[in-house]
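Q: Predicted structure and sequence below. I'll ask about it afterward.
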Amino acid sequence: MSSSPAHADAPDLHALAERIKAWGGELGFQQLGITDVDLGEDEARLARWLAAGRHGEMGFMAKHGTKRTRPAELVPGTVRVISVRLDYLPAEVETLATLENPEAAYVSRYATGRDYHKLMRKRLATLAKWIEAETGPFGYRAFVDSAPVMERALARKAGLGWVGKNAMLLNPQAGSLFFLGELYTDLPLPVDEAFASEHCGSCSACRTACPTGAIVEDRVVDARACISYLTIELHGAIPERYREAMGNRVFGCDDCQLVCPFTRFATPTTEPDFTPRHDLDRASLLALFAWGEEEFLDKTAGSPLRRTGYERWLRNLAVGLGNAPWSEAIEAALKARLPYPSDLVREHVRWALARQREKRRQIIAIS
């Protein structure tokens, strides 16, 4: 954030805040709120989570110290955060049908289309330019899941929702199927009221639905057991105790969101960038396992799927194939990958082959 004047000639800040919210709507954001930078309670909660080792291999969660929970340490001069949400659920996307088909590959719904980071950053930059036209130069910096930012805590304080039992930000009109972005600023804008109440009540559908029991307490997820972590963030072998529970989930997991009662209120997005590409909302495990590395790089260009890299992509798909019903085609595809020059891939392929062969033996025994 560059230095800026004291904004002595700035327009009425209350009127400006209302214009900012209107501009947010014009830019396609479903909601925009403004908050201060006091995250003391959330800082303590994060410290306990880190001390328990629940971040697993995500060293970046602890790397930046208090910059994550003290915005002015990350961007000097920050006194307010403008928080936005953008819904991402594509219309007519195959979700439950894919999840319930053990031969299909389930990709988390946020990742079936193009990457959201650039789209949201561009719109936040446009918002900043519109503000600057009113105030003159001011200090700001935009973030979209790209820096040590407590985005859910800030969104909650900005009135965008409450933190549910699955540790996701929940909104009564959208569930949790949306992206968050932030604009740190030195403008002393009036703040919105934090979401006053939590509407989870006695519902524990998310905790019950979690395939691996990763939601260890209300609002506490142990990443080391979470399928999203296992398929995206974990670089090594997926612990065998979680492989069967992964089912056909090869990139992320939406179970705790899909069962949330508020998800039924989610409105399909109109953003063309979030439309599924390459049939990623319904593709078969075998079809994706057949991609060569060049094809993977080509078809995941501008996609969140690039985060795994090809090696871990094959690792995840091998687990899915091991969990699928036996078929000659699946067994043949796994055998063809046995010579692959990666210990990580070969280990998961061998595990999957053992599962497939056992299922074949069971079929023969029954018949």
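A: Happy to help now that I have it. Residues are numbered from 1 along each chain as shown.

Q: mind showing which ranges of the stretch 101-250 of the chain have poor pLDDT?
A: Along the stretch 101-250 of the chain, segments meeting pLDDT under 70 are nowhere present.

Q: need the helices for it, in chain order.
A: Applying DSSP state H, counting those that start in this stretch to the stretch 101-250 of the chain gives helices spanning 116-135, 151-157, 205-209, 227-228, 240-246.

Q: list the contacts for residue 353?
A: With contact taken as Cβ atoms under 8 Å, 6 or more residues apart in numbering, residue 353 is in contact with 322, 331, 334-335, 338. (Glycine included, C-beta is placed from N, CA and C.)

Q: tell me which element it falls in.
A: helix 343-366 (DSSP states H and E).

Q: Contacts only, for the closest residue to residue 13 other than its chain neighbours.
A: Spatial nearest neighbour of residue 13, excluding adjacent residues (Cβ to Cβ, 6 or more residues apart in numbering): residue 189 at 5.4 Å. By Cβ under 8 Å, 6+ apart, the residues touching residue 189 are 13, 16-17, 20, 34, 80, 82.

Q: OK, contacts around the residue nearest the centre of the chain?
A: Nearest to the mean C-alpha position of the chain, by Cα atoms, centre = their mean, lies residue 110 at 6.8 Å. By Cβ under 8 Å, 6+ apart, residue 110 lies in contact with 88, 116, 177, 179, 252, 304.

Q: Try it again at 7 Å.
A: By Cβ atoms under 7 Å, 6 or more residues apart in numbering, residue 110 lies in contact with 88, 304.

Q: Report how many residues lie close to residue 155.
A: The burial count assigned to residue 155 is 28, neighbours taken as other Cβ atoms under 10 Å.

Q: try residue 311
A: Other residues close to residue 311 by other Cβ under 10 Å number 17.

Q: Nearest residue to it in space, ignoring adjacent ones along the chain?
A: Spatial nearest neighbour of residue 311, chain neighbours left out: residue 342 (5.2 Å); criterion: Cβ to Cβ, 6+ apart.

Q: ok, now how distant is the one you found from residue 13?
A: Residue 342 sits 56 Å away from residue 13, taking Cβ to Cβ, to the nearest Å as the criterion.

Q: Then residue 117?
A: Counting by Cβ to Cβ - residue 117 and residue 13 are separated by 30 Å.

Q: residues contacting residue 274?
A: Counted by Cβ under 7 Å, 6+ apart, residue 274 has contacts 88, 90, 113.

Q: Outline the domain layout of the chain.
A: Using automatic domain parsing, the domain ranges for the chain come out as 13-92+110-185, 205-258+276-366.

Q: returning to what we had before: just checking the distance from the helix holding residue 353 to the centre of its chain.
A: Remark: helix 343-366 is offset 31 Å from the chain centroid, using Cα atoms, centre = their mean, to the nearest Å.

Q: And the average pLDDT for that helix is what?
A: Averaging pLDDT along helix 343-366 yields 97.

Q: With only the CA atoms kept, save it in CSV.
A: As requested, the backbone C-alpha atoms of helix 343-366 are provided in CSV (Å, rounded to 0.1, in the frame of the first residue of the first chain):
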residue,chain,number,x,y,z
ASP,A,343,7.2,-43.7,-6.6
LEU,A,344,4.2,-41.8,-5.3
VAL,A,345,2.1,-42.7,-8.3
ARG,A,346,3.2,-46.3,-8.4
GLU,A,347,2.4,-46.8,-4.7
HIS,A,348,-1.1,-45.6,-5.1
VAL,A,349,-1.6,-47.6,-8.3
ARG,A,350,-0.5,-50.8,-6.6
TRP,A,351,-2.9,-50.1,-3.8
ALA,A,352,-5.7,-49.5,-6.3
LEU,A,353,-4.8,-52.7,-8.2
ALA,A,354,-4.9,-54.8,-5.0
ARG,A,355,-8.4,-53.4,-4.3
GLN,A,356,-9.6,-54.1,-7.9
ARG,A,357,-8.2,-57.6,-7.8
GLU,A,358,-9.9,-58.4,-4.5
LYS,A,359,-13.2,-57.1,-5.9
ARG,A,360,-12.7,-59.4,-9.0
ARG,A,361,-12.1,-62.4,-6.7
GLN,A,362,-15.3,-61.6,-4.8
ILE,A,363,-17.3,-61.5,-8.0
ILE,A,364,-15.9,-64.8,-9.1
ALA,A,365,-16.6,-66.4,-5.7
ILE,A,366,-20.2,-65.3,-5.8
